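# requesting a structural model of the entry that follows:
(4 chains)
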Amino acid sequence: MKQFELVDTPIDPQKYSEFVLHPAAGAVTVFTGHVREWTHGVRTLYLAYEAYIPMAEKKLAEIGEEMEEKWPGVRVAMAHRIGELKISDIAVVIAVSSPHRKAAYEANEYAIERIKEVVPIWKKEIWEDGEEWIGAQKKYPEKGSR
Amino acid sequence: MKQFELVDTPIDPQKYSEFVLHPAAGAVTVFTGHVREWTHGVRTLYLAYEAYIPMAEKKLAEIGEEMEEKWPGVRVAMAHRIGELKISDIAVVIAVSSPHRKAAYEANEYAIERIKEVVPIWKKEIWEDGEEWIGAQKKYPEKGSR
Amino acid sequence: MITVHYFARLRELTGKGEESLDRAPLTVEELLDWAETTYPGFGKDTIHVAVNEEYARKEDVIQAGDVCAFIPPVSGG
Amino acid sequence: MITVHYFARLRELTGKGEESLDRAPLTVEELLDWAETTYPGFGKDTIHVAVNEEYARKEDVIQAGDVCAFIPPVSGG
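All right, here's what the predicted structure looks like:
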(Lines give C-alpha, C1' and ligand atoms only; values in the text may rest on other atoms or scores of the structure.)
Protein backbone atom coordinates (compact mmCIF):
# COMPACT_ATOMS: atom_id res chain seq x y z
CA MET A 1 0.00 0.00 0.00
CA LYS A 2 0.89 3.65 -0.37
CA GLN A 3 0.18 6.29 2.27
CA PHE A 4 -2.10 8.16 -0.12
CA GLU A 5 -3.63 6.05 -2.82
CA LEU A 6 -6.43 5.34 -5.22
CA VAL A 7 -7.34 1.67 -5.40
CA ASP A 8 -9.69 -0.39 -7.54
CA THR A 9 -10.11 -3.26 -5.09
CA PRO A 10 -11.85 -3.51 -1.69
CA ILE A 11 -10.36 -1.32 1.04
CA ASP A 12 -9.10 -2.95 4.24
CA PRO A 13 -9.15 -0.18 6.91
CA GLN A 14 -6.80 -2.16 9.15
CA LYS A 15 -3.88 -1.61 6.77
CA TYR A 16 -4.23 2.15 7.09
CA SER A 17 -4.64 2.20 10.86
CA GLU A 18 -1.56 0.01 11.21
CA PHE A 19 0.34 2.38 8.95
CA VAL A 20 -0.28 5.38 11.21
CA LEU A 21 0.23 3.61 14.55
CA HIS A 22 3.50 4.23 16.41
CA PRO A 23 4.66 4.16 20.06
CA ALA A 24 3.84 7.84 20.72
CA ALA A 25 0.30 7.51 19.33
CA GLY A 26 -2.36 7.39 22.02
CA ALA A 27 -5.32 7.78 19.69
CA VAL A 28 -6.23 6.52 16.24
CA THR A 29 -9.36 7.55 14.35
CA VAL A 30 -10.44 5.67 11.26
CA PHE A 31 -13.21 7.07 9.11
CA THR A 32 -14.77 4.95 6.42
CA GLY A 33 -17.29 6.27 3.93
CA HIS A 34 -19.69 3.59 2.72
CA VAL A 35 -22.14 3.28 -0.13
CA ARG A 36 -25.55 4.03 1.34
CA GLU A 37 -28.64 2.34 0.02
CA TRP A 38 -31.03 5.27 0.43
CA THR A 39 -30.36 8.94 -0.21
CA HIS A 40 -33.21 11.41 0.06
CA GLY A 41 -35.70 8.62 -0.51
CA VAL A 42 -34.01 7.32 -3.67
CA ARG A 43 -32.67 3.79 -3.62
CA THR A 44 -29.13 3.41 -4.89
CA LEU A 45 -28.30 0.14 -6.65
CA TYR A 46 -24.58 0.78 -6.83
CA LEU A 47 -22.08 3.56 -7.35
CA ALA A 48 -19.33 4.08 -9.87
CA TYR A 49 -16.34 6.21 -8.94
CA GLU A 50 -13.91 7.64 -11.43
CA ALA A 51 -10.76 9.64 -10.69
CA TYR A 52 -7.95 11.55 -12.29
CA ILE A 53 -5.67 9.13 -10.50
CA PRO A 54 -2.24 10.81 -10.44
CA MET A 55 -3.69 14.19 -9.50
CA ALA A 56 -6.02 12.63 -6.93
CA GLU A 57 -3.13 10.89 -5.17
CA LYS A 58 -1.14 14.11 -5.25
CA LYS A 59 -4.06 16.03 -3.72
CA LEU A 60 -4.50 13.40 -1.00
CA ALA A 61 -0.83 13.81 -0.13
CA GLU A 62 -1.24 17.58 -0.04
CA ILE A 63 -4.17 17.24 2.35
CA GLY A 64 -1.93 15.04 4.50
CA GLU A 65 0.67 17.80 4.58
CA GLU A 66 -1.97 20.35 5.54
CA MET A 67 -3.03 18.11 8.41
CA GLU A 68 0.50 17.64 9.72
CA GLU A 69 0.95 21.39 9.63
CA LYS A 70 -2.31 22.17 11.43
CA TRP A 71 -2.03 19.34 13.96
CA PRO A 72 1.65 18.66 14.60
CA GLY A 73 2.29 15.07 15.57
CA VAL A 74 -0.51 13.48 13.57
CA ARG A 75 0.21 10.72 11.08
CA VAL A 76 -2.18 10.15 8.21
CA ALA A 77 -2.98 7.54 5.58
CA MET A 78 -5.87 7.76 3.14
CA ALA A 79 -7.28 5.80 0.25
CA HIS A 80 -10.19 6.16 -2.13
CA ARG A 81 -11.60 3.35 -4.18
CA ILE A 82 -12.69 3.70 -7.78
CA GLY A 83 -14.78 1.50 -10.04
CA GLU A 84 -18.13 -0.03 -9.22
CA LEU A 85 -19.07 -0.24 -5.55
CA LYS A 86 -22.09 -1.95 -4.09
CA ILE A 87 -24.09 -1.09 -0.96
CA SER A 88 -21.94 -0.89 2.22
CA ASP A 89 -18.65 -1.08 0.30
CA ILE A 90 -15.99 1.31 1.56
CA ALA A 91 -15.40 4.22 -0.83
CA VAL A 92 -12.89 6.10 1.27
CA VAL A 93 -10.76 5.46 4.36
CA ILE A 94 -8.97 8.06 6.47
CA ALA A 95 -6.70 6.90 9.29
CA VAL A 96 -5.16 9.43 11.65
CA SER A 97 -2.99 8.83 14.69
CA SER A 98 -2.05 11.41 17.26
CA PRO A 99 -0.54 11.51 20.74
CA HIS A 100 -3.89 12.81 22.03
CA ARG A 101 -7.41 12.18 20.85
CA LYS A 102 -8.66 15.69 20.07
CA ALA A 103 -6.28 16.15 17.14
CA ALA A 104 -7.09 12.68 15.84
CA TYR A 105 -10.79 13.54 15.60
CA GLU A 106 -10.33 17.06 14.25
CA ALA A 107 -7.73 16.20 11.65
CA ASN A 108 -9.76 13.24 10.42
CA GLU A 109 -12.88 15.34 9.90
CA TYR A 110 -10.81 18.01 8.19
CA ALA A 111 -9.52 15.39 5.76
CA ILE A 112 -12.91 14.24 4.54
CA GLU A 113 -14.09 17.83 4.08
CA ARG A 114 -11.01 18.62 2.00
CA ILE A 115 -11.35 15.44 -0.04
CA LYS A 116 -14.86 16.47 -0.98
CA GLU A 117 -13.61 19.91 -2.00
CA VAL A 118 -10.44 19.36 -3.98
CA VAL A 119 -9.68 15.76 -4.90
CA PRO A 120 -10.60 14.97 -8.52
CA ILE A 121 -12.90 12.02 -7.93
CA TRP A 122 -16.41 11.72 -9.30
CA LYS A 123 -19.32 9.61 -8.19
CA LYS A 124 -22.09 8.31 -10.39
CA GLU A 125 -25.19 7.05 -8.64
CA ILE A 126 -27.07 4.27 -10.39
CA TRP A 127 -30.69 3.85 -9.34
CA GLU A 128 -33.43 1.54 -10.53
CA ASP A 129 -34.67 4.16 -12.98
CA GLY A 130 -31.59 6.08 -13.98
CA GLU A 131 -28.14 7.31 -13.17
CA GLU A 132 -26.35 10.60 -12.65
CA TRP A 133 -22.91 12.01 -12.03
CA ILE A 134 -23.05 13.68 -8.63
CA GLY A 135 -21.58 17.09 -7.92
CA ALA A 136 -23.12 19.24 -10.61
CA GLN A 137 -26.76 19.15 -9.55
CA LYS A 138 -26.81 22.61 -8.03
CA LYS A 139 -25.84 24.14 -11.33
CA TYR A 140 -27.77 21.78 -13.59
CA PRO A 141 -31.25 21.77 -12.12
CA GLU A 142 -32.66 20.68 -15.44
CA LYS A 143 -30.96 17.30 -15.05
CA GLY A 144 -33.61 15.92 -12.76
CA SER A 145 -36.12 16.67 -10.10
CA ARG A 146 -34.03 15.30 -7.21
CA MET B 1 -18.82 -10.31 21.03
CA LYS B 2 -21.28 -8.10 22.87
CA GLN B 3 -22.24 -4.60 21.76
CA PHE B 4 -20.84 -3.12 24.98
CA GLU B 5 -18.20 -5.19 26.64
CA LEU B 6 -15.12 -5.47 28.79
CA VAL B 7 -12.57 -7.92 27.45
CA ASP B 8 -9.30 -9.30 28.74
CA THR B 9 -7.86 -10.23 25.34
CA PRO B 10 -6.62 -8.09 22.41
CA ILE B 11 -9.28 -5.94 20.76
CA ASP B 12 -10.00 -6.38 17.04
CA PRO B 13 -11.58 -3.07 15.88
CA GLN B 14 -12.95 -4.71 12.74
CA LYS B 15 -15.46 -6.71 14.76
CA TYR B 16 -16.99 -3.55 16.16
CA SER B 17 -17.10 -1.66 12.89
CA GLU B 18 -18.79 -4.64 11.24
CA PHE B 19 -21.29 -4.72 14.07
CA VAL B 20 -22.45 -1.14 13.45
CA LEU B 21 -22.45 -1.26 9.64
CA HIS B 22 -25.82 -1.51 7.86
CA PRO B 23 -27.23 -0.51 4.45
CA ALA B 24 -28.32 2.97 5.57
CA ALA B 25 -24.92 3.78 7.09
CA GLY B 26 -22.85 6.14 4.95
CA ALA B 27 -20.16 6.81 7.54
CA VAL B 28 -18.38 4.76 10.17
CA THR B 29 -15.93 6.20 12.68
CA VAL B 30 -13.73 3.92 14.73
CA PHE B 31 -11.73 5.36 17.60
CA THR B 32 -9.04 3.29 19.24
CA GLY B 33 -7.16 4.41 22.33
CA HIS B 34 -3.66 2.97 22.51
CA VAL B 35 -1.03 2.64 25.21
CA ARG B 36 1.43 5.48 24.62
CA GLU B 37 5.08 5.06 25.43
CA TRP B 38 5.74 8.60 26.60
CA THR B 39 3.48 10.80 28.71
CA HIS B 40 4.78 14.18 29.86
CA GLY B 41 8.34 12.97 29.47
CA VAL B 42 7.87 9.81 31.51
CA ARG B 43 8.34 6.48 29.78
CA THR B 44 5.58 3.96 30.32
CA LEU B 45 6.62 0.29 30.35
CA TYR B 46 3.09 -1.04 30.35
CA LEU B 47 -0.37 -0.33 31.74
CA ALA B 48 -2.71 -2.34 33.89
CA TYR B 49 -6.44 -1.72 33.63
CA GLU B 50 -8.96 -2.85 36.20
CA ALA B 51 -12.73 -2.51 36.06
CA TYR B 52 -15.90 -3.09 37.97
CA ILE B 53 -16.97 -5.24 35.08
CA PRO B 54 -20.76 -5.55 35.34
CA MET B 55 -21.21 -1.87 36.15
CA ALA B 56 -18.73 -0.83 33.45
CA GLU B 57 -20.65 -2.77 30.80
CA LYS B 58 -23.90 -1.27 32.04
CA LYS B 59 -22.43 2.23 31.86
CA LEU B 60 -21.13 1.64 28.33
CA ALA B 61 -24.63 0.58 27.31
CA GLU B 62 -26.08 3.71 28.93
CA ILE B 63 -23.63 5.88 27.00
CA GLY B 64 -24.78 4.07 23.85
CA GLU B 65 -28.38 4.99 24.70
CA GLU B 66 -27.41 8.61 25.26
CA MET B 67 -25.75 8.66 21.85
CA GLU B 68 -28.77 7.20 20.07
CA GLU B 69 -30.92 9.82 21.73
CA LYS B 70 -28.66 12.75 20.86
CA TRP B 71 -27.85 11.56 17.32
CA PRO B 72 -30.83 9.58 16.02
CA GLY B 73 -29.80 6.96 13.52
CA VAL B 74 -26.36 6.20 14.93
CA ARG B 75 -25.39 2.65 15.85
CA VAL B 76 -22.69 2.08 18.43
CA ALA B 77 -20.45 -0.68 19.73
CA MET B 78 -17.74 -0.22 22.35
CA ALA B 79 -15.25 -2.32 24.23
CA HIS B 80 -12.60 -1.69 26.84
CA ARG B 81 -9.79 -4.08 27.59
CA ILE B 82 -8.57 -4.86 31.10
CA GLY B 83 -5.44 -6.55 32.39
CA GLU B 84 -1.88 -5.77 31.39
CA LEU B 85 -1.40 -3.87 28.12
CA LYS B 86 1.87 -3.11 26.42
CA ILE B 87 2.84 -0.15 24.23
CA SER B 88 0.48 0.38 21.25
CA ASP B 89 -2.07 -2.15 22.49
CA ILE B 90 -5.67 -1.03 22.11
CA ALA B 91 -7.27 -0.15 25.44
CA VAL B 92 -10.62 1.02 24.09
CA VAL B 93 -12.53 0.89 20.82
CA ILE B 94 -15.58 2.95 19.88
CA ALA B 95 -17.34 2.22 16.59
CA VAL B 96 -20.16 4.46 15.41
CA SER B 97 -22.12 4.31 12.19
CA SER B 98 -24.46 6.97 10.91
CA PRO B 99 -26.25 7.85 7.69
CA HIS B 100 -24.08 11.00 7.50
CA ARG B 101 -20.57 11.67 8.69
CA LYS B 102 -21.06 14.58 11.07
CA ALA B 103 -23.00 12.54 13.60
CA ALA B 104 -20.49 9.69 13.34
CA TYR B 105 -17.66 12.01 14.37
CA GLU B 106 -19.56 13.87 17.06
CA ALA B 107 -21.12 10.84 18.68
CA ASN B 108 -17.79 9.02 18.71
CA GLU B 109 -16.00 11.86 20.48
CA TYR B 110 -18.89 12.17 22.92
CA ALA B 111 -18.49 8.49 23.78
CA ILE B 112 -14.83 8.68 24.76
CA GLU B 113 -15.47 11.78 26.88
CA ARG B 114 -18.28 10.01 28.71
CA ILE B 115 -16.23 6.84 29.17
CA LYS B 116 -13.54 8.88 30.86
CA GLU B 117 -16.15 10.46 33.14
CA VAL B 118 -18.43 7.69 34.28
CA VAL B 119 -17.26 4.17 33.44
CA PRO B 120 -15.66 2.42 36.43
CA ILE B 121 -12.33 1.52 34.88
CA TRP B 122 -8.95 2.36 36.37
CA LYS B 123 -5.54 2.62 34.80
CA LYS B 124 -2.25 1.97 36.53
CA GLU B 125 0.85 3.23 34.78
CA ILE B 126 4.01 1.25 35.32
CA TRP B 127 7.25 3.11 34.66
CA GLU B 128 10.86 2.10 35.02
CA ASP B 129 11.00 3.63 38.50
CA GLY B 130 7.52 3.21 39.87
CA GLU B 131 3.83 2.85 39.28
CA GLU B 132 0.65 4.75 40.03
CA TRP B 133 -3.08 4.48 39.68
CA ILE B 134 -4.16 7.31 37.40
CA GLY B 135 -7.13 9.52 38.06
CA ALA B 136 -6.50 10.76 41.58
CA GLN B 137 -3.44 12.91 40.96
CA LYS B 138 -5.22 16.23 41.05
CA LYS B 139 -6.42 15.54 44.55
CA TYR B 140 -3.31 13.73 45.77
CA PRO B 141 -0.49 16.06 44.81
CA GLU B 142 1.70 14.49 47.48
CA LYS B 143 1.82 11.29 45.46
CA GLY B 144 4.54 12.50 43.13
CA SER B 145 6.02 15.41 41.31
CA ARG B 146 4.56 14.49 37.90
CA MET C 1 -25.18 -7.98 55.36
CA ILE C 2 -23.97 -5.86 52.50
CA THR C 3 -21.14 -6.58 50.08
CA VAL C 4 -18.58 -3.88 49.39
CA HIS C 5 -16.09 -3.96 46.50
CA TYR C 6 -12.69 -2.27 46.42
CA PHE C 7 -10.89 -1.41 43.20
CA ALA C 8 -7.55 -0.06 42.04
CA ARG C 9 -5.84 2.05 44.71
CA LEU C 10 -8.46 1.07 47.28
CA ARG C 11 -7.97 -2.64 46.60
CA GLU C 12 -4.28 -2.21 47.25
CA LEU C 13 -4.86 -0.03 50.34
CA THR C 14 -7.33 -2.41 51.95
CA GLY C 15 -5.59 -5.53 50.73
CA LYS C 16 -8.87 -7.01 49.56
CA GLY C 17 -11.21 -6.98 46.59
CA GLU C 18 -14.39 -7.24 48.61
CA GLU C 19 -15.80 -7.93 52.01
CA SER C 20 -19.14 -8.33 53.76
CA LEU C 21 -20.38 -5.88 56.37
CA ASP C 22 -23.16 -6.39 58.91
CA ARG C 23 -24.10 -2.73 59.20
CA ALA C 24 -27.21 -2.19 57.05
CA PRO C 25 -29.22 -0.09 56.89
CA LEU C 26 -26.82 2.82 56.65
CA THR C 27 -26.39 5.82 54.39
CA VAL C 28 -23.73 6.14 51.71
CA GLU C 29 -22.14 8.87 53.79
CA GLU C 30 -22.00 6.59 56.81
CA LEU C 31 -20.39 3.86 54.71
CA LEU C 32 -17.74 6.31 53.52
CA ASP C 33 -17.09 7.45 57.09
CA TRP C 34 -16.72 3.84 58.19
CA ALA C 35 -14.23 3.19 55.39
CA GLU C 36 -12.18 6.27 56.18
CA THR C 37 -11.96 5.23 59.84
CA THR C 38 -11.22 1.60 59.09
CA TYR C 39 -8.66 2.25 56.34
CA PRO C 40 -6.61 5.41 57.03
CA GLY C 41 -5.83 7.21 53.78
CA PHE C 42 -9.02 5.97 52.12
CA GLY C 43 -9.65 9.47 50.76
CA LYS C 44 -13.44 9.45 50.95
CA ASP C 45 -13.83 12.98 49.56
CA THR C 46 -12.77 11.82 46.10
CA ILE C 47 -14.70 8.57 46.12
CA HIS C 48 -18.15 7.78 44.81
CA VAL C 49 -20.20 4.84 45.96
CA ALA C 50 -22.17 2.61 43.64
CA VAL C 51 -25.10 0.69 45.05
CA ASN C 52 -26.25 -2.22 42.93
CA GLU C 53 -24.13 -0.95 40.04
CA GLU C 54 -25.55 2.57 40.03
CA TYR C 55 -23.95 5.74 41.37
CA ALA C 56 -25.58 6.69 44.68
CA ARG C 57 -25.95 9.99 46.52
CA LYS C 58 -24.52 10.60 50.00
CA GLU C 59 -27.97 10.46 51.57
CA ASP C 60 -29.11 7.25 49.88
CA VAL C 61 -29.75 4.37 52.25
CA ILE C 62 -28.05 1.04 51.75
CA GLN C 63 -30.18 -1.96 52.66
CA ALA C 64 -29.20 -5.47 53.66
CA GLY C 65 -28.42 -7.47 50.52
CA ASP C 66 -27.21 -4.48 48.54
CA VAL C 67 -23.95 -4.73 46.62
CA CYS C 68 -21.81 -1.64 47.07
CA ALA C 69 -18.62 -0.52 45.41
CA PHE C 70 -16.23 2.29 46.19
CA ILE C 71 -15.44 4.12 42.95
CA PRO C 72 -12.25 6.18 43.07
CA PRO C 73 -11.73 8.66 40.21
CA VAL C 74 -12.03 6.66 37.01
CA SER C 75 -9.29 6.64 34.37
CA GLY C 76 -10.47 4.42 31.55
CA GLY C 77 -10.01 5.19 27.89
CA MET D 1 0.46 19.78 -28.86
CA ILE D 2 -1.28 19.57 -25.50
CA THR D 3 -3.12 16.64 -24.01
CA VAL D 4 -6.57 17.18 -22.50
CA HIS D 5 -8.37 14.69 -20.27
CA TYR D 6 -12.13 14.33 -19.84
CA PHE D 7 -13.73 12.74 -16.80
CA ALA D 8 -17.15 11.68 -15.57
CA ARG D 9 -19.96 13.65 -17.26
CA LEU D 10 -17.49 15.27 -19.65
CA ARG D 11 -16.08 11.91 -20.72
CA GLU D 12 -19.59 10.76 -21.54
CA LEU D 13 -20.47 14.06 -23.28
CA THR D 14 -17.37 14.11 -25.47
CA GLY D 15 -17.27 10.37 -25.94
CA LYS D 16 -13.56 10.28 -25.18
CA GLY D 17 -11.21 10.11 -22.23
CA GLU D 18 -8.53 12.28 -23.76
CA GLU D 19 -7.36 13.92 -26.94
CA SER D 20 -4.45 15.95 -28.30
CA LEU D 21 -4.83 19.56 -29.41
CA ASP D 22 -2.47 21.56 -31.57
CA ARG D 23 -3.40 24.94 -30.11
CA ALA D 24 -0.69 25.89 -27.59
CA PRO D 25 0.07 28.39 -26.32
CA LEU D 26 -3.38 29.37 -25.10
CA THR D 27 -4.90 30.46 -21.83
CA VAL D 28 -7.07 28.30 -19.63
CA GLU D 29 -9.99 30.55 -20.47
CA GLU D 30 -9.38 30.05 -24.19
CA LEU D 31 -9.26 26.29 -23.68
CA LEU D 32 -12.60 26.38 -21.86
CA ASP D 33 -14.12 28.51 -24.63
CA TRP D 34 -12.87 26.06 -27.23
CA ALA D 35 -14.40 23.14 -25.30
CA GLU D 36 -17.74 24.88 -24.92
CA THR D 37 -17.88 25.59 -28.65
CA THR D 38 -16.72 22.12 -29.64
CA TYR D 39 -18.93 20.22 -27.21
CA PRO D 40 -22.28 21.95 -26.69
CA GLY D 41 -23.46 21.54 -23.11
CA PHE D 42 -19.90 21.40 -21.78
CA GLY D 43 -20.83 23.80 -18.96
CA LYS D 44 -17.54 25.64 -18.68
CA ASP D 45 -18.70 27.92 -15.87
CA THR D 46 -18.68 25.04 -13.42
CA ILE D 47 -15.46 23.45 -14.62
CA HIS D 48 -11.92 23.90 -13.38
CA VAL D 49 -8.88 23.13 -15.45
CA ALA D 50 -5.83 21.33 -14.12
CA VAL D 51 -2.53 21.89 -15.88
CA ASN D 52 0.09 19.27 -15.13
CA GLU D 53 -2.02 17.98 -12.23
CA GLU D 54 -2.46 21.34 -10.52
CA TYR D 55 -5.52 23.60 -10.54
CA ALA D 56 -4.91 26.54 -12.87
CA ARG D 57 -6.37 30.04 -13.05
CA LYS D 58 -8.30 31.35 -16.03
CA GLU D 59 -5.40 33.55 -17.11
CA ASP D 60 -2.68 30.90 -16.84
CA VAL D 61 -1.03 30.03 -20.14
CA ILE D 62 -0.89 26.46 -21.34
CA GLN D 63 2.28 25.57 -23.22
CA ALA D 64 2.98 22.86 -25.75
CA GLY D 65 3.60 19.58 -23.92
CA ASP D 66 1.36 20.44 -20.98
CA VAL D 67 -1.13 17.87 -19.76
CA CYS D 68 -4.54 19.41 -19.07
CA ALA D 69 -7.66 18.03 -17.48
CA PHE D 70 -11.16 19.39 -17.23
CA ILE D 71 -12.34 19.00 -13.64
CA PRO D 72 -16.13 19.13 -13.21
CA PRO D 73 -17.42 19.53 -9.64
CA VAL D 74 -15.84 16.73 -7.64
CA SER D 75 -17.91 14.29 -5.62
CA GLY D 76 -15.51 11.92 -3.90
CA GLY D 77 -15.81 10.66 -0.34
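
# does the residue of chain C with the smallest separation from chain D count as helix, strand or coil?
At 28.8 Å from chain D, C:Gly77 is the closest residue in chain C, using Cβ to the nearest Cβ. (C-beta placed from N, C-alpha, C; glycine too.) Here C:Gly77 is coil, with the state taken from DSSP: H, G, I helix; E, B strand; the rest coil.

# let me see the contact set for it.
For C:Gly77, the contact set (Cβ atoms under 8 Å, 6 or more residues apart in numbering or on different chains) comprises B:Gly33, B:His80, B:Ala91, B:Val92, B:Ile112, B:Ile115, B:Lys116, B:Ile121.

# could you dump those residues into a markdown table with pLDDT, secondary structure and distance to chain A added?
Below are those laid out as a markdown table (pLDDT from 0 to 100; DSSP: H, G, I helix; E, B strand; the rest coil; distance: Cβ to the nearest Cβ, whole Å):
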| residue | pLDDT | secondary structure | distance to chain A |
| --- | --- | --- | --- |
| B:Gly33 | 98 | strand | 6 |
| B:His80 | 98 | strand | 14 |
| B:Ala91 | 98 | strand | 9 |
| B:Val92 | 98 | strand | 10 |
| B:Ile112 | 98 | helix | 6 |
| B:Ile115 | 98 | helix | 11 |
| B:Lys116 | 97 | helix | 10 |
| B:Ile121 | 98 | strand | 16 |
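
# thinking again about what came up before, excluding chain neighbours, what is closest to the residue of chain C closest to chain D?
In this structure, C:Gly77 finds its nearest non-sequential neighbour in B:Lys116, 4.5 Å apart by Cβ to Cβ, 6 or more residues apart in numbering or on different chains.

# I'd say that neighbour and C:Gly76 touch.
Yes. Between B:Lys116 and C:Gly76 there is a contact at 6.4 Å, judged by Cβ atoms under 8 Å.

# compute the number of surrounding residues for the residue in chain C that chain B sits nearest to.
Residue nearest to chain B within chain C (Cβ to the nearest Cβ): C:Gly76, separated by 3.0 Å. Neighbourhood size, C:Gly76 [other Cβ atoms under 10 Å in any protein chain shown]: 28.

# for the nearest residue to it once chain neighbours are set aside, list the residues it contacts.
Using Cβ to Cβ, 6+ apart and skipping the chain neighbours, the partner closest in space to C:Gly76 is B:Ile121 (3.0 Å). When contacts are counted by Cβ under 8 Å, 6+ apart, B:Ile121 touches B:6, B:49-52, B:56, B:80, B:82, B:115, C:74-77.

# in CSV, list those residues along with distance to A:Ile126.
Supplementary listing: the contacts of B:Ile121 in CSV, determined by distance: Cβ to Cβ, whole Å:
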residue, distance to A:Ile126
B:Leu6, 44
B:Tyr49, 48
B:Glu50, 52
B:Ala51, 48
B:Tyr52, 51
B:Ala56, 45
B:His80, 41
B:Ile82, 47
B:Ile115, 41
C:Val74, 49
C:Ser75, 50
C:Gly76, 45
C:Gly77, 42
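
# between these, which sits nearest A:Pro10?
B:His80 (29.4 Å; Cβ to Cβ).

# and that closest one, how far from chain D?
31 Å (Cβ to the nearest Cβ, to the nearest Å).

# right, and that residue touches C:Val74 too?
No. Counting by Cβ under 8 Å, B:His80 stays clear of C:Val74, with 10.9 Å between them.

# need the overlap of contacts for those two.
In contact with both B:His80 and C:Val74: B:Val119, B:Ile121, using Cβ under 8 Å, 6+ apart.

# for the longest helix along chain C, buried residues please.
Secondary structure of chain C per DSSP state H: the longest helix is helix C:28-38. Residues of helix C:28-38 classed as buried: C:Val28, C:Leu31, C:Leu32, C:Trp34, C:Ala35 (neighbour count, 16 or more other Cβ atoms under 10 Å in any protein chain shown).

# list the neighbours of it that are in contact with it.
C:4, C:21, C:23, C:26, C:42-44, C:47, C:49, C:51, C:56-60, C:62, C:68, C:70.

# quick one: name the residues of chain C near chain B.
Chain C has residues C:5, C:7-9, C:11-12, C:43, C:45-46, C:50, C:53-55, C:69, C:71-77 near chain B, with proximity defined as Cβ under 8 Å from any Cβ of the partner chain.

# which element is A:Ile126 on?
strand A:121-127 (DSSP states H and E).

# name the next helix or strand downstream of that strand, please.
Assigned by DSSP H and E, the successor of strand A:121-127 is strand A:130-133.

# circling back: sheet partners, orientation included, of whatever helix or strand comes next after the longest helix of chain C?
Next in sequence after helix C:28-38, counting helices and strands by DSSP H and E, comes strand C:48-51. Sheet pairing of strand C:48-51 (DSSP bridges) gives strand C:54-56 (antiparallel), strand C:67-71 (antiparallel).
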